[in-house]
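Colleague: sequence and predicted structure are below.
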Amino acid sequence: PFAIGRAPVTNAEFATFVEDGGYRRRELWSGAGWRWREEVEAAHPVYWRRAVGGGWERRHFDRWLALEPYHPVIFVGWYEADAYCRWAGRRLPTEAEWEAAAAGEPTAGDTALAAHKRLYPWGDQQPMPERANLDAHTLGCVDVAALPAGDSVFGCRQMLGNVWEWTATDFLPYPGFVLDPYEEYSAPWFGTHKVLRGGCWATRGRLLRNTWRNFYTPDRRDVFAGFRTCSR
């Protein structure tokens, strides 16, 4: 059993980590993560800056906006997400845990997961604006409490759309994987990239489903990516 966050980590929650010295505390970082942090001299998310008079601003395209406290944190890499989880006493979910929370249905008695998986967190109906922030309609993120119609059966919100979500899992082939003629999109990256799930506000809804995988190296901070946390 595991407990996964109902929503992605917010800007306000991540700002608390930053203010508590999260980027300066080596014990919160993996060895590779600390080496990366020192190399790039990271002290906060890449598109944040201090506001006049205190607080934070974030860059949104060519503008600087006051940090929205209840929007999901975005443009953070896997190393940063992992350090936050250690600070919070939690961890990143595995890819399997993420998919179970998004697509699973409980059996009678809630003792296990049924064999059937939902195509989307809310069921098998196509994505609609009231269920998921997709297709660049908003040109940005929305509050993590928005869109309750898109909840999974377990009450997890915005598992599709808004921000891509880092998982703890290395990008590796599933059993039975057959190499595609265009191998450059998968095989060369096995073992060096981390899996992300869920899409973001710019993802096309007609392409997305609970099982869609994405993958980036753990240092990437230019992705529309955030994360949710997990615990046993």
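Modeller: It's in.
Colleague: how about the CA coordinates for the top strand by length along the chain, as PDB?
Modeller: As assigned by DSSP state E, the longest strand anywhere in the chain is strand 164-170. Output in PDB follows, covering the C-alpha atoms of strand 164-170 (Å, rounded to 0.1, in the frame of the first residue of the first chain):
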ATOM      1  CA  TRP A 164       3.800  16.800 -16.400                       C
ATOM      2  CA  GLU A 165       4.700  14.800 -13.300                       C
ATOM      3  CA  TRP A 166       8.100  13.300 -12.500                       C
ATOM      4  CA  THR A 167       8.200   9.700 -11.200                       C
ATOM      5  CA  ALA A 168      10.900   7.800  -9.400                       C
ATOM      6  CA  THR A 169      11.200   5.400 -12.300                       C
ATOM      7  CA  ASP A 170      14.000   5.100 -14.800                       C
END
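Colleague: this protein: helices as residue ranges?
Modeller: 11-19, 31-40, 78-88, 95-103 (DSSP state H).
Colleague: as JSON lines, the ones you listed with mean neighbour count would be great.
Modeller: (Glycine included, C-beta is placed from N, CA and C.) Shown next, in JSON lines, are the helices of the chain (neighbours: other C-beta atoms under 10 Å):
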{"stretch": "helix 11-19", "mean neighbour count": "19"}
{"stretch": "helix 31-40", "mean neighbour count": "14"}
{"stretch": "helix 78-88", "mean neighbour count": "23"}
{"stretch": "helix 95-103", "mean neighbour count": "21"}
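Colleague: turn those into CSV, including distance to Leu134 and mean pLDDT.
Modeller: Output for the helices of the chain, formatted as CSV (distance: least, C-beta to C-beta, whole Å; pLDDT from 0 to 100):
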stretch, distance to Leu134, mean pLDDT
helix 11-19, 21, 99
helix 31-40, 30, 98
helix 78-88, 22, 99
helix 95-103, 15, 96
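Colleague: out of these, which gets nearest to Trp122?
Modeller: Minimum separation from Trp122 across the helices of the chain (C-beta to C-beta) falls at helix 95-103, 10.0 Å.
Colleague: any residues touching the closest one, and which ones?
Modeller: With contacts defined as C-beta atoms under 8 Å, 6 or more residues apart in numbering, helix 95-103 is touched by 2, 4, 93, 113, 117-119, 121, 152, 154, 156, 159-160, 165, 167-169, 195, 197-198, 210-211, 213, 230.
Colleague: turn the helices of the chain into a markdown table, columns for distance to Cys141.
Modeller: As requested, these are exported to a markdown table (distance: least, C-beta to C-beta, whole Å):
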| stretch | distance to Cys141 |
| --- | --- |
| helix 11-19 | 9 |
| helix 31-40 | 24 |
| helix 78-88 | 16 |
| helix 95-103 | 18 |
